[in-house]
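Colleague: following is a predicted model, sequence given first.
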Amino acid sequence: MKAARWHGVKDIRVEDIDTPAPGPGEVAIKVAWTGICGSDLHEYLAGPIFIPVSEAHPLSRDKAPITMGHEYCGTVTELGEGVTGLRPGDRVAIEPIFACGTCPGCREGKYNLCDSLGFVGLSGGHGGFAATSVVPARMVHKMPDELSMEQGALVEPAAVALHAVRMSAIRAGDTAAVFGAGPIGLLVVEALRVAGAAQIHVVEPSPERRRKALELGATTAIDPMTANPVEMIRAVTGGVHVAFEVTGVPRVLQQCIDSTRHEGQTLIVSIWEGDAAFHPNTVVLKERQLQGTIAYRHIYPAVMELMVEGYFSAEKLVTKRIALDDIVAQGFEALVAEKSQVKILVKAPE
């Protein structure tokens, strides 16, 4: 079968590999759509970050080259021995987390904080940029009949956004800022609407993404290239209750902190390619909080129910659909060159 595999920085190859078969406790899935994630783009431009290269990942037991793709959905085609509760033909979204099940985080049910955390399509396994994927049955979530397959490919990034908002200190009626209106930032805007935020101020240099943020419910959308976003946000709010950092750009972290009120919170959602600096006194003197968030846990059913209600709409967020053969030129390179792109979906080969 065809699969897009990471070999190195700016070296993703569509090549023929053996079609995987499910072992005990696993299911085989005919992939439908897979989204290109910001994490995928980081691996393409500056990896390896999550991708194991010199040593195999302790849970996937794989190392590069690996088949990429973790934002995906498809149809169950085959069940491994011992799998119950699923059958061929089920439409499913994949929760692509490798977790050991035995470390302190896992024992508390916080499997996204696993000491050996990994992701299918980043840390190994049979990722979604392929015709067929095989995953443990516990990673599979049946999709409601009302959701399209394109919606299924958005469950994973929407879960990142909803988990981030759940982990934040935001309360109904509070004010928020979102720095970065890429796919996750835009999904955070929608998740903040679900949480009842009274004002949502978005900071984003791309005019197309600013327009999209307003369409999805942002109160204002600020161009940081022409205005001081901290001054504008504080002029309107006096400082927001929570600022979400969704850029991975070092200088933005201090802006997020400065945009919050006393006892405000900055929530870091991005995966970073390098270090970022901030002045600790800006946190200390106002008793602000700085917190990180990674992935999601116990949230896929809630995400899909919100999708049924109309949130996290593929119709509004997907800007391009491409074939697997075009994943580098029309996918990764397009995301680098065209800041108007939001979410690019890759159609699995037959």
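Modeller: Arrived safely.

Colleague: contacting residues for the closest residue to T220 other than its chain neighbours?
Modeller: With sequence-adjacent residues excluded and distances taken as CB to CB, 6 or more residues apart in numbering, T220 is closest to H201, at 5.0 Å. (C-beta placed from N, C-alpha, C; glycine too.) Neighbouring residues of H201 by CB atoms under 8 Å, 6 or more residues apart in numbering: 175-178, 218-220, 222, 232-233, 236-237, 240, 259.

Colleague: look up how far K212 lies from H201.
Modeller: Separation of H201 from K212 (CB to CB, to the nearest Å): 15 Å.

Colleague: mind listing the helices for the chain?
Modeller: Assignment of helices within the chain using DSSP state H yields the ranges 38-46, 104-107, 149-152, 155-167, 183-195, 207-215, 229-237, 250-258, 281-284, 300-308, 314-317, 333-337.

Colleague: tabulate the ones you listed (TSV), appending distance to G69.
Modeller: Formatted as TSV, those follow (distance: least, CB to CB, whole Å):
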stretch	distance to G69
helix 38-46	7
helix 104-107	24
helix 149-152	13
helix 155-167	10
helix 183-195	15
helix 207-215	23
helix 229-237	34
helix 250-258	28
helix 281-284	37
helix 300-308	17
helix 314-317	17
helix 333-337	14
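
Colleague: let me have the ones you listed in CSV, adding mean pLDDT and distance to E15 as columns.
Modeller: Formatted as CSV, the helices of the chain follow (pLDDT from 0 to 100; distance: least, CB to CB, whole Å):
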stretch, mean pLDDT, distance to E15
helix 38-46, 93, 16
helix 104-107, 98, 34
helix 149-152, 98, 25
helix 155-167, 98, 24
helix 183-195, 98, 27
helix 207-215, 96, 33
helix 229-237, 98, 44
helix 250-258, 97, 35
helix 281-284, 97, 48
helix 300-308, 98, 31
helix 314-317, 95, 29
helix 333-337, 94, 18
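
Colleague: which among those is found nearest to E273?
Modeller: When those are compared by CB to CB, helix 38-46 sits nearest E273, at 4.5 Å.

Colleague: which of the contacts of H201 count as buried?
Modeller: Buried residues within those, defined by neighbour count using 16 or more other CB atoms under 10 Å: 175-178, 218-220, 222, 232-233, 237, 240, 259.
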